[in-house]
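Trainee: need a structure here:
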Amino acid sequence: MSEIPIYEFPESGEGFKKIWEQFENDLGMNDMNMDRDRPYIGQKHTMMGKRGETEIRGITFRDMRDCFIRAAFLCANEQSKELYEEADKGESAALCENDLYKLNWNELDPMAVCQSLACEIERIMGIFPNITPLKELGDA
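Mentor: Below you'll find the model as predicted:
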């Protein structure tokens with residue numbers, strides 16, 4: 001049986017400050033270093049964690065463009081159910097890039113688009129979902 005990590009609350013104010021700073025970083029509240037050599041210290045299922053270590057392989061820039069278009073429409077289902085449903089078809093979708101200009105980008109969550117883009121890229125790479133399967137408590 002795998003060990004469940006136990007996190008102890010820090011005794012000192014400095015320890016709490018360090019945990020709070022990591023909490024703010026994980027939520028994107030602070031400026032982030034964009035250095036390509038920075039560590040992947042985020043949650044495992046995010047692009048800032050283990051999932052983000054995966055190199056993109058076997059796709060073209062056009063593929064990435066198509067993934068971005070689908071990702072945007074997948075995050076805009078409140079604005080256009082039809083475009084959402086078409087984008088949900090993946091590589092079989094027939095979407096017009098000019099429809100992106102019809103979206104109210106102020107109503108979209110930019111990080112949701114970013115995460116959807118990563119998922120669309122994983123799909124065409126054939127590795128979606130690129131996360132370690134969850135284990136139930138008691139599983140070895």
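Trainee: outline the domain layout of this protein.
Mentor: 9-38, 43-140 (automatic domain parsing).
Trainee: now do the last one: distance to the chain's middle.
Mentor: What that stands for is domain 43-140. How far domain 43-140 lies from its chain's middle: 8 Å, per C-alpha atoms, centre = their mean, to the nearest Å.
Trainee: what residues does the longest helix along the chain touch?
Mentor: Secondary structure of the chain per DSSP state H: the longest helix is helix 110-125. For helix 110-125, the external contacting residues (C-beta atoms under 8 Å, 6 or more residues apart in numbering) are 28, 46-47, 51, 54, 56-59, 63-64, 67-68, 70-72, 74-75, 90-91, 128-130. To be clear about C-beta, it is placed using only N, CA and C from the backbone, and glycine gets the same treatment.
Trainee: could you redo the last one with a cut-off of 10 Å?
Mentor: Helix 110-125 has contacts (C-beta atoms under 10 Å, 6 or more residues apart in numbering) with 28, 45-47, 51-52, 54-60, 63-64, 66-76, 87, 90-91, 105, 109, 127-131.
Trainee: buried residues, that helix. List them.
Mentor: V113, Q115, S116, L117, A118, E120, I121, E122, R123, I124, M125 (16 or more other C-beta atoms under 10 Å).
Trainee: one step back: and the domains of the chain, which one averages the lowest pLDDT?
Mentor: Note on the domains of the chain: domain 9-38 shows the lowest mean pLDDT, a mean of 75.
Trainee: how far does it sit from the chain's center?
Mentor: Taking C-alpha atoms, centre = their mean, the mean C-alpha location of domain 9-38 is offset from the chain mean by 19 Å.
Trainee: P129 against K44, yeah?
Mentor: No - here P129 lies out of contact with K44, judged by C-beta atoms under 10 Å, at a distance of 11.8 Å.
Trainee: where do the contact lists of these two overlap?
Mentor: Counting by C-beta under 10 Å, 6+ apart, the residues touching both P129 and K44 are R51.
Trainee: and K50, how far from Y40?
Mentor: Separation of K50 from Y40 (C-beta to C-beta, to the nearest Å): 6 Å.
Trainee: those two - which one has more neighbours?
Mentor: Set side by side, K50 and Y40 give different neighbour counts by other C-beta atoms under 10 Å, the larger being at K50 (17 against 13).
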